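> sequence first, predicted coordinates after that:
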Amino acid sequence: LEPVMRVEVQTAEQHLGAVLSELTGARRGSVEKLLTPSDALRQTVLARAPLAAMVGYASALRSLTAGEASLSMEFSHYARVEPAVQQQLLLQMRGYV
């Protein structure tokens, strides 16, 4: 089992594509909701992602958005590790990688 975090990112609309791509790709996250306030200047992304994949995300987010996004994370639950990630972890623990 691995800890999964509830992630909230607030960003300008122009950076939304980069933020979504990073969260769902490299960070193995799943987007739950996109919230658009009435003024539509900033978008809020609600997602869940494994804690191990979120290490260094704050720095990556600053780079992606030129420092304009904000991030908050909190523990959500534990989940099974994906089979591909589990295989990679086993290889690392056995010293093959």
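Alright, I've got the coordinates. Please read these numbers as outputs of a predicted model, since none were measured by experiment. Numbers count the residues shown, from 1 in each chain.
> where does Arg62 land in three-state SS?
Following DSSP: H, G, I helix; E, B strand; the rest coil, the label given to Arg62 is helix.
> mind checking which helix or strand Val85 is in?
For Val85, the element it lies in under DSSP states H and E is helix 83-93.
> what residue is smack in the middle of the chain?
Leu23 (3.9 Å; C-alpha atoms, centre = their mean).
> need the contact list for it.
Counting by C-beta atoms under 8 Å, 6 or more residues apart in numbering, Leu23 touches 7, 9, 29, 31, 45, 47, 49. No exception for glycine: its C-beta is placed from N, CA and C like everyone else's.
> that one sits in which helix or strand?
Assigned by DSSP H and E, Leu23 falls within helix 16-24.
> does Glu8 touch Ala69 like I think?
No - using C-beta atoms under 8 Å, Glu8 is not in contact with Ala69; the gap is 10.5 Å.
> returning to what we had before: ok, the residue nearest to the centre of the chain to Arg94 distance?
Distance of Leu23 to Arg94, computed by C-beta to C-beta, to the nearest Å: 30 Å.
> do Gln43 as well
Distance of Gln43 to Arg94, computed by C-beta to C-beta: 43 Å.
> likewise for Asp39?
53 Å.
> try Thr11
Counting by C-beta to C-beta, the gap from Thr11 to Arg94 is 40 Å.
> cool, and Gly56?
Taking C-beta to C-beta, one finds Gly56 at 25 Å from Arg94.
> number of residues surrounding Leu35?
A total of 11 residues lie near Leu35 under the criterion other C-beta atoms under 10 Å.
> contacting residues for it?
Contacts of Leu35 by C-beta under 8 Å, 6+ apart are 43-46.
> same question for Val81.
Here Val81 is in contact with 1-2, 50, 89 (C-beta under 8 Å, 6+ apart).
> okay, now the sheet partners of the strand or helix carrying Val45, with direction.
Take DSSP H and E as the rule and Val45 turns out to sit in strand 42-50. Strand 42-50 has these partner strands in its sheet, going by DSSP bridges: strand 2-12 (antiparallel), strand 30-35 (antiparallel).
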